[in-house]
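Participant: fold the following for me, if possible:
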Amino acid sequence: MQIPYLSPEAPFAILLMLAGAALIFGPLRAWRRSLVNTGVFFIVCLAGDLLAGLLHGQLQPGVLRWLRELAVFGEGLAVIRYLGLALFNVVTPRMRVHISGILADILVIVGYVAWGFLRLNLAGMEFSHLFATSAVLTAVVAISMQDTLGNLLGGLALQMDNSLEIGDWIQMGDVAGRVSDIQWRYTAIVTRNGERVVIPNSHLMKNRYSVICNKRQSVPLQRRSISFNVDLSVPPSRVTTAVLQDVQTARIPNLSLVPPPQCLLMDFGQGFARYQLRYWLMDPGPDELTDSDVRHHLLAALQREGIRLAVSDQTIHLVQEGEAHREEVRARELNRRLQAISRIDLFSRLSEAEQLELAGRLVNAPFAEGDIVTRQGAIAHWLYIIVSGEAEAWWQPPDGSPQRLLERRGPGSVFGELGLMTGAPRRATVIAVSDVEAYRLDKAGFEHIIRARPEIAEGVTGILQQRMAHFQALEQGHANGQPAGNSSPPSDVAALGRKIREFFGL
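Facilitator: Okay, the predicted model is just below:
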């Protein structure tokens, strides 16, 4: 196929340019200006090729030959550019094959160089001298352009190993933002303030950076945290429950519920407990705006529960308390203890004065969820009175089989009576299944009362005997694989009474 006055390569170049243009002009609309410039360059080269054919025989042959060679070389460059764009920006994406932009540019440049060597070879140039000269020139250029080559190779490595991609959120030092572009020399980051920060690729390769959020994730997530202090007098479960219920149910923009938010007790300070609320963002961009929304909900949730944030460490918090105020606090606590004692059958035979004395000897004993209150077989000369919360009693059979749940106890329950009254080992392991507020009564706290009135021992013997019967029924029911039934108290009440008197030295 030959077109008059044009070189033999011109028809093929025209066909390839038209095919490339048909592939890329539609999908690559953003590149249209560059594509038009390349097309104009091709037309200029084609005009030079035509001019060389028209002037054949009118000028010196050497001049026309070099004019045609330059024109054909330019036509080839334009064709390689169009075909490169079509291959790497249209064909491979449709085949779901990802090739980095820098690698595509390198392959196109290799095509330019190969085309240049081919035309020089066809023109009759000897390459042995050219290669010897180019080797020395390459060494000189490599030494003088170390930084530039470092940036080039760094950008190529970043795209080849996929450690950094356009759309990722990264942080390097005090700069954080979204990667907007990865070029030969630099990587561009757009910060949350809209600033475009340019980082040399060699700097990224030599230093550490953090990928805050990877665009390959189905939902880009970033974890954030807010710390706050609450007075030590507030139970941790009350704080965490109030905060999490509000954050998880409120519709806070940009806050992800998967993974769920967490509220953790992190540390203790002088008079306060430090908590941390952790949550995940669906979009790292509006991080401070989301933090502000979460703080609003956090403060509102605490205020609804009557929980105040603890004062700062540097603030001196002075409260003037009079004797009347202190007496009111003592009376309120004493009344709470008396109510707990009055619900227990073991102390029902005590007089008001004795109950009042006993209330003064109770010790606060709070337990967090999951705490082991007491272990089976332990020797502990005290009992616990549950004021709030729940606990479970687990029994370990003698044959070593798995533990079995005996019962679940709530407010108003008591356990450890036998340990207090007889010194007997614990018959079950008690575990707090929620936060438990309890009072502990030691042997020394009850000893003074029972020594002053020994007949109390006779009164509590029957109650303890019923308690032992109930527990034995639970054990037998589990041992036989049947629910526990009613069981009458053992007949040896006198033996139990002797144990109580011996234990207290009556």
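Participant: following whichever helix or strand residue 37 is part of, which helix or strand comes up?
Facilitator: In the assignment (DSSP states H and E), residue 37 maps to helix 32-54. Using DSSP H and E, the next helix or strand after helix 32-54 towards the C-terminus is helix 61-86.
Participant: what is that following helix packed up against?
Facilitator: helix 10-24, helix 32-54, helix 101-122 (3 or more Cβ pairs under 8 Å, 6 or more residues apart in numbering; DSSP states H and E). (C-beta placed from N, C-alpha, C; glycine too.)
Participant: picking up where we left off before, got the angle for the helix holding residue 37 vs helix 10-24?
Facilitator: 170 degrees (axes from the mean of the first three to the mean of the last three Cα atoms, to 10 degrees).
Participant: skipping its backbone neighbours, what lies nearest residue 215 in space?
Facilitator: residue 167 (3.6 Å; Cβ to Cβ, 6 or more residues apart in numbering).
Participant: now do the SS call for the one you found.
Facilitator: Here residue 167 is recorded as coil under DSSP: H, G, I helix; E, B strand; the rest coil.
Participant: want to throw the helices and strands packed on helix 61-86 into CSV with mean pLDDT and distance to residue 376?
Facilitator: Below are the helices and strands packed on helix 61-86 laid out as CSV (pLDDT from 0 to 100; distance: least, Cβ to Cβ, whole Å):
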stretch, mean pLDDT, distance to residue 376
helix 10-24, 90, 79
helix 32-54, 89, 81
helix 101-122, 83, 68
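Participant: of the ones you listed, which is nearest residue 203?
Facilitator: helix 101-122 (16.4 Å; Cβ to Cβ).
Participant: any idea how far residue 255 is from residue 275?
Facilitator: Plainly put, residue 255 is 18 Å away from residue 275 if you go by Cβ to Cβ, to the nearest Å.
Participant: looking at the helices and strands packed on helix 61-86, which is nearest to residue 184?
Facilitator: Of all those, helix 101-122 comes closest under Cβ to Cβ, at 6.1 Å.
Participant: tell me what that closest one is packed against?
Facilitator: Packing contacts for helix 101-122, counted by 3+ Cβ pairs under 8 Å, 6+ apart, involve helix 61-86, helix 127-144, helix 146-160.
Participant: quick one, helices of the stretch 301-450 of the chain?
Facilitator: Secondary structure of the stretch 301-450 of the chain by DSSP state H, counting those that start in this stretch: the helices cover 323-342, 352-360, 417-422, 443-452.
Participant: ok, the spatially most central residue of the chain - contacts?
Facilitator: Centroid-nearest residue in the chain, with Cα atoms, centre = their mean: residue 223, separated by 4.8 Å. Residues near residue 223 by Cβ atoms under 8 Å, 6 or more residues apart in numbering: 278, 279, 280, 281.
Participant: pretty sure the second one sits in a strand.
Facilitator: Yes - the assignment for residue 279 (three-state DSSP) places it in a strand.
Participant: quick one: the closest residue in space to it that isn't next to it in sequence and residue 415, what's the gap?
Facilitator: Spatial nearest neighbour of residue 279, chain neighbours left out: residue 261 (4.1 Å); criterion: Cβ to Cβ, 6+ apart. From residue 261 over to residue 415 the distance is 36 Å, taken as Cβ to Cβ.
Participant: quick one: low-confidence ranges for the stretch 251-400 of the chain?
Facilitator: Applying pLDDT under 70 to the stretch 251-400 of the chain picks out residues 312-322.
Participant: neighbours around residue 229, how many?
Facilitator: 19 (other Cβ atoms under 10 Å).
Participant: shouldn't it be within a helix?
Facilitator: No - using three-state DSSP, the secondary structure at residue 229 is strand, not a helix.
Participant: surely it touches residue 309?
Facilitator: Yes - under the criterion of Cβ atoms under 8 Å, residue 229 makes contact with residue 309 at 6.1 Å.
Participant: shaky segments in the stretch 51-200 of the chain?
Facilitator: Within the stretch 51-200 of the chain, the stretches with pLDDT under 70 are 57, 59, 100, 126-162.
Participant: cutoff 80 now
Facilitator: Low-confidence segments of the stretch 51-200 of the chain (pLDDT under 80): 56-63, 98-103, 105-106, 123-164, 183-185.
Participant: show me where the stretch 301-450 of the chain has its strands.
Facilitator: 363-364, 372-374, 382-388, 391-395, 404-409, 414-415, 429-432, 437-442 (DSSP state E, counting those that start in this stretch).
Participant: among those, which is nearest residue 71?
Facilitator: Proximity to residue 71, assessed across the strands of the stretch 301-450 of the chain by Cβ to Cβ, is greatest for strand 429-432 (90.1 Å).
Participant: what's that closest one packed up against?
Facilitator: strand 372-374, strand 391-395.
Participant: about what we covered before: more neighbours, residue 261 and residue 415?
Facilitator: Neighbours were counted for residue 261 and for residue 415 using other Cβ under 10 Å; residue 415 has more, 23 against 20.
Participant: tell me what the more buried one is bridged to.
Facilitator: Per DSSP bridges, the residues bridged to residue 415 are residue 384.
Participant: quick one: pLDDT of the nearest residue to residue 454 once chain neighbours are set aside?
Facilitator: Leaving out its chain neighbours, the residue that sits closest to residue 454 by Cβ to Cβ, 6+ apart is residue 506, at 4.8 Å. Each residue has a pLDDT score; the one for residue 506 is 72.
Participant: so which of the helices and strands packed on helix 61-86 is nearest residue 386?
Facilitator: Per Cβ to Cβ, nearest to residue 386 of the helices and strands packed on helix 61-86: helix 101-122, 68.3 Å.
Participant: neighbours of residue 365, how many?
Facilitator: When neighbours are counted by other Cβ under 10 Å, residue 365 comes out with 17.
Participant: just give me the neighbour total for the residue nearest to it when sequence neighbours are not counted.
Facilitator: Nearest residue to residue 365, sequence neighbours excluded (Cβ to Cβ, 6+ apart): residue 440, at 4.1 Å. Other residues near residue 440 come to 18 when the count uses other Cβ under 10 Å.
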